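Visitor: pasting a predicted model and its sequence here:
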Amino acid sequence: MSKLVETEMLSDDELLRYARQILLDGWDIDAQLRLKASRIVMIGAGGLGCPASETLVRAGLGQVHLIDDDVIEASNLQRQTLFLPDDIGKSKALTAAKMLVRINPLIIARGTVARLSTDNAYELLDMASGKPDLLLDCTDNFATRDIINRISVRYQIPLLSASAIAMQGQLALYEPQLNTGCYHCVFGSVIPDAAADERTCANSGVLASTTAIMGNLQANAALQYLGLTKNPLTNKLLLWDGNQMQQRLMGYRKDIECPVCNSLC
């Protein structure tokens, strides 16, 4: 793990590295400093987590904590871009964190080999030192996403949730602190038994470009949220279809009878 990030100013090395970004209209030194001061927790260091974390780290995110209890397999190398053949059998979270620091030694990246649950969330999210600025859901099944959503609502932490399967993907950024709805508001009625859902990349397949695109769309939304304090997906679900090369936004509203986010009202 690299040394603690000093967020009061940008070093000469940072100014040089992020120069093309700082030149953007609407993205200035202040936006870069906000990104540098941000801490995210990413659940899942696989097909989505690899491209999302790499883009965020290259852009100058201050701290990223990856949580994943899985190990690298040969079949992962088709799309999980932080891993090499020599990494097979190693921890995804630890290997990804090590690679991210190699990519950008100016940031902090660490990995934890664990499965996030409602019981261990306070400890794994380092809540004793303050809330992370953003949770990134980079998992591949409804049951785990439901758990992450409940943790997001319980601790009032914004949740950027992405999914990718076959040649399709979805993306949404929920802000429970604003009481505008949660993952369960959108998907609860169409998932009567989340624990029974077994449709994952492992048994349904996924094109390498699908996870790369969705992971980078997730990173794009995170950059705007962290650097510009803007949610580009307020009450919207982004749907991406690689077969038709189409992307559309679907609006949603908070479910006034949601058993998750209404339980705290």
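Guide: Received, thanks.

Visitor: the strands in this protein, which residues?
Guide: Secondary structure of the chain by DSSP state E: the strands cover 39-43, 63-67, 108-112, 134-137, 159-165, 168-174, 236-241, 246-251.

Visitor: so which of these gets nearest G205?
Guide: strand 159-165 (7.8 Å; C-beta to C-beta). All C-beta atoms are positioned from the backbone trio N, CA, C, and that covers glycine.

Visitor: by contact count, what packs against that closest one?
Guide: strand 134-137, helix 142-155, strand 168-174, helix 201-204, helix 208-228 (3 or more C-beta pairs under 8 Å, 6 or more residues apart in numbering; DSSP states H and E).

Visitor: show me what the residue nearest to Q168 when sequence neighbours are not counted is bridged to.
Guide: Distances taken as C-beta to C-beta, 6 or more residues apart in numbering put D241 closest to Q168, at 5.6 Å, once the chain neighbours are dropped. Going by DSSP bridges, D241 is paired in beta bridges with Q168, Q246.

Visitor: could you give the number of residues near D241?
Guide: Using other C-beta atoms under 10 Å, the number of residues around D241 comes to 13.

Visitor: wait, it sits on I165?
Guide: No: between D241 and I165 there is no contact under C-beta atoms under 8 Å: 11.7 Å.

Visitor: of the helices and strands packed on strand 159-165, flag the one that's most buried.
Guide: Among the helices and strands packed on strand 159-165, strand 134-137 has the highest mean neighbour count (mean count of other C-beta atoms under 10 Å), at a mean of 26.

Visitor: adjacent strands (with direction) for it?
Guide: Strand 134-137 sits in its sheet next to strand 39-43 (parallel), strand 159-165 (parallel), going by DSSP bridges.

Visitor: rewinding a little: could the strands of the chain go into TSV alongside distance to V153 and mean pLDDT?
Guide: Formatted as TSV, these follow (distance: least, C-beta to C-beta, whole Å; pLDDT from 0 to 100):
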stretch	distance to V153	mean pLDDT
strand 39-43	15	98
strand 63-67	18	98
strand 108-112	22	98
strand 134-137	11	98
strand 159-165	8	97
strand 168-174	8	98
strand 236-241	17	98
strand 246-251	20	97
